[in-house]
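Q: sequence and predicted structure, then a few things I'm wondering about:
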Amino acid sequence: MTFRNGLASLLRPEDSVLVLIDHQPYQLANVNSHEPQMVVNNTVGLAKAAKAFGVPTILTSVLAERGGVLFPQVTDVFPGQAVIDRTLINTWEDPKVVDAVRATGRKQLVIAGLWTEVCVAMPAIQALGEGWDVTVITDASGGVSVEAHEVAIKRMIAAGANMMTWLALAAEWQRDWARTEQAAALTQVITQHAGGSGIAYLWEQQLLNTPVPRSVG
């Protein structure tokens, strides 16, 4: 087994490309590994983080006329960007998607999609075999059951994939809070999509801007 360790194994925004796969109504309707609204929230947080760091993002759907278009919360992050619609279940067998990824010149391939056991596992495993450095964002993906999601993750790990959650990925892209331009953009994403962490940050800002009461008497 080749272990993924060392500084070079960490993800860098300048080397990453994100592919969001089949975040569509039909697939979401039978996601049972996660609370569906959380999948939507995490996917949008992931998309906004990628945009904040300038990471190219490929949007793709399957049979959109029947399965529904991508969640508008996702496409709104990339206004005017075309969505690649496929007939192939395995995204990595579609030359249009692969060509779009290759055109970025990047080798750290980040994937999230619905369902984990089908539309995420197949391209991840194929891309790994072709030499790509593949990371799957597990909480912006979902399966038809907890078992299906977890077995798919184990299968992809066995094939050499890296597993992360969206906020962990964003932190890895940030790496240093001295990168103030990205830090400001990431903070906005956190306040919108990171739940308690975002609320705590807003509370901190409130306290910093609240005068300390003078002693009475």
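A: Perfect, I can see it now.

Q: buried residues, stretch 5-17. List them.
A: For stretch 5-17, the buried set under the neighbour-count rule, 16 or more other Cβ atoms under 10 Å, comprises Leu11, Pro13, Asp15, Ser16, Val17. For the C-beta atoms, the positions are set from N, CA and C on the backbone; glycine is no exception.

Q: spatially central residue in the chain, please.
A: Leu46 (4.0 Å; Cα atoms, centre = their mean).

Q: ok, back up a step: which of the buried residues of stretch 5-17 fall in strands?
A: Under the assignment DSSP state E, the buried residues of stretch 5-17 contribute Ser16, Val17 to strands.

Q: just the closest of the buried residues of stretch 5-17 to Ile190, please.
A: Pro13 (16.1 Å; Cβ to Cβ).

Q: return the residues in contact with the residue lying closest to that closest one once chain neighbours are set aside.
A: With Cβ to Cβ, 6 or more residues apart in numbering as the criterion, Pro13 has its nearest non-adjacent residue at 3.8 Å, and that residue is Phe53. Counting by Cβ atoms under 8 Å, 6 or more residues apart in numbering, Phe53 makes contact with Pro13, Ser16, Ala170, Trp173, Gln174, Gln182, Ala185, Leu186.

Q: Thr60 now?
A: Residues near Thr60 by Cβ under 8 Å, 6+ apart: Val19, Leu20, Ile21, Asp22, Val83, Ile84, Asp85, Arg86, Thr91, Asp94, Val97.

Q: are any of those residues buried, and which?
A: By 16+ other Cβ under 10 Å, those give Val19, Leu20, Ile21, Asp22, Val83, Ile84, Asp85, Arg86, Thr91, Asp94, Val97 as buried.

Q: and the first one, what element?
A: By that I understand Val19. Element membership for Val19, per DSSP states H and E: strand 16-21.

Q: what is the burial count for the nearest residue in space to Glu117 that is not next to it in sequence?
A: Excluding the flanking residues, the one nearest Glu117 by Cβ to Cβ, 6+ apart is Ala152, at 3.9 Å. Using other Cβ atoms under 10 Å, Ala152 has 24 other residues around it.

Q: packing partners for the host helix or strand of Ala152?
A: Using DSSP H and E, Ala152 maps to helix 146-159. Judged by 3 or more Cβ pairs under 8 Å, 6 or more residues apart in numbering; DSSP states H and E, the packing partners of helix 146-159 are helix 121-129, strand 133-137, strand 162-164.

Q: want to throw the ones you listed into TSV with distance to Arg106 and mean pLDDT?
A: Converted to TSV, the helices and strands packed on helix 146-159 look like this (distance: least, Cβ to Cβ, whole Å; pLDDT from 0 to 100):
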stretch	distance to Arg106	mean pLDDT
helix 121-129	12	98
strand 133-137	9	98
strand 162-164	15	98
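
Q: most tightly surrounded among those?
A: Sort those by mean neighbour count, taking mean count of other Cβ atoms under 10 Å, and strand 133-137 sits at the top with a mean of 23.
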